[in-house]
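Colleague: Next comes the sequence, and after it the predicted model I'd like to discuss.
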Amino acid sequence: MKYYILFGPPGAGKGTHASAIAKKYNLKHISTGELLRAEIAAGSELGKQAKALIDAGSLVPDTVVEGMIESAFDTIKGVDGFLLDGFPRNLQQAADLDKMLAGRGESLKAVISIMISDDAIRRRIAHRAAIEGRADDANDATITNRIKTYHAQTEPLIDYYKAQGKYFECDGDNGTLEDNQARVLALVESIG
Ligand code: ADP
């Protein structure tokens, strides 16, 4: 099995590009944000607890997202691997993922990173708010906190994965959507 992380700031286009990558390489795309929004929509206890944190632009507890990831690894069959989108989001989650994979006799293949500036993050999220109607996209204070959370907690993963020789980055903010998509796919192809 091949395990990839799709990495990048909020609004970088991870969700958009994930489906093309997943289809091309027969990977299961797992977005922790989407899984959490499904829990909220279903009105589950977990969803209720997660909602306040998500609406504030903070991270939900590591154990919650790690449980979701592990259960996906356990239950999803018939694919050549997994494309993780939105996980890991801090160093603890990254270390726990390494352990989780080692426990299964597996390891991470690569981190595919889509990089955009803070200005682009705000532009993209404002655009998406009008289309998808996500509560956490519609509030300025929430967006500011998501950007802050990204820099403080998620960005350090870049050095973590560089140290493992598994970090591969491309520009996600120049040209059309198709140009960006082509760059991401070319990057994945170059990794093998
Ligand atoms: P974005 O477009 O901001 O990257 P996501 O759909 O990936 O959005 O995540 C939305 C929210 O869900 C995050 O702001 C966070 O509150 C929560 N979330 C998603 N993944 C994780 C994770 N791995 N750890 C903690 N919280 C998470």
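Modeller: It's in.
Colleague: Secondary structure of residue 28: a helix, I assume?
Modeller: No: going by DSSP: H, G, I helix; E, B strand; the rest coil, the assignment for residue 28 is strand, not a helix.
Colleague: Quickly list what it is bridged to.
Modeller: residue 82 (DSSP bridges).
Colleague: what about it, distance to residue 78?
Modeller: 9 Å (Cβ to Cβ, to the nearest Å). C-beta coordinates here come from the backbone N, C-alpha and C atoms, glycine included.
Colleague: So for those two, which sits in the more crowded spot?
Modeller: Under the criterion of other Cβ atoms under 10 Å, the comparison of residue 28 against residue 78 puts residue 28 first, with 17 against 6.
Colleague: Mind pulling the model confidence for that one?
Modeller: In this model, residue 28 is scored at 98, pLDDT.
Colleague: isn't it right up against residue 84?
Modeller: No: counting by Cβ atoms under 8 Å, residue 28 does not reach residue 84; the two are 9.6 Å apart.
Colleague: three-state assignment of the residue of the chain at minimum distance from the ligand?
Modeller: Distance from the ligand to each residue of the chain (Cβ to the nearest ligand atom) is smallest for residue 33, at 1.8 Å. Applying three-state DSSP to residue 33 yields a three-state assignment of helix.
Colleague: For it, which non-adjacent residue is closest in space?
Modeller: residue 86 (4.7 Å; Cβ to Cβ, 6 or more residues apart in numbering).
Colleague: pretty sure that neighbour is in contact with residue 37, am I right?
Modeller: No: using Cβ under 8 Å, residue 86 is not in contact with residue 37, being 10.8 Å away.
Colleague: Those two - which one has more neighbours?
Modeller: It is residue 86, of residue 86 and residue 37, that has more neighbours when counted by other Cβ under 10 Å, with 22 against 19.
Colleague: list the contacts for the residue nearest the centre of the chain?
Modeller: A centroid search over the chain (Cα atoms, centre = their mean) returns residue 86, at 2.0 Å, as the residue closest to the centre. With Cβ atoms under 8 Å, 6 or more residues apart in numbering as the criterion, the residues that contact residue 86 are 14, 31, 32, 33.
Colleague: for residue 81, same thing?
Modeller: By Cβ under 8 Å, 6+ apart, the neighbours of residue 81 are 1, 2, 3, 4, 25, 26, 27, 28, 109.
Colleague: most residues in a single strand of the chain, which one?
Modeller: Identified as the longest strand of the chain according to DSSP state E is strand 108-115.
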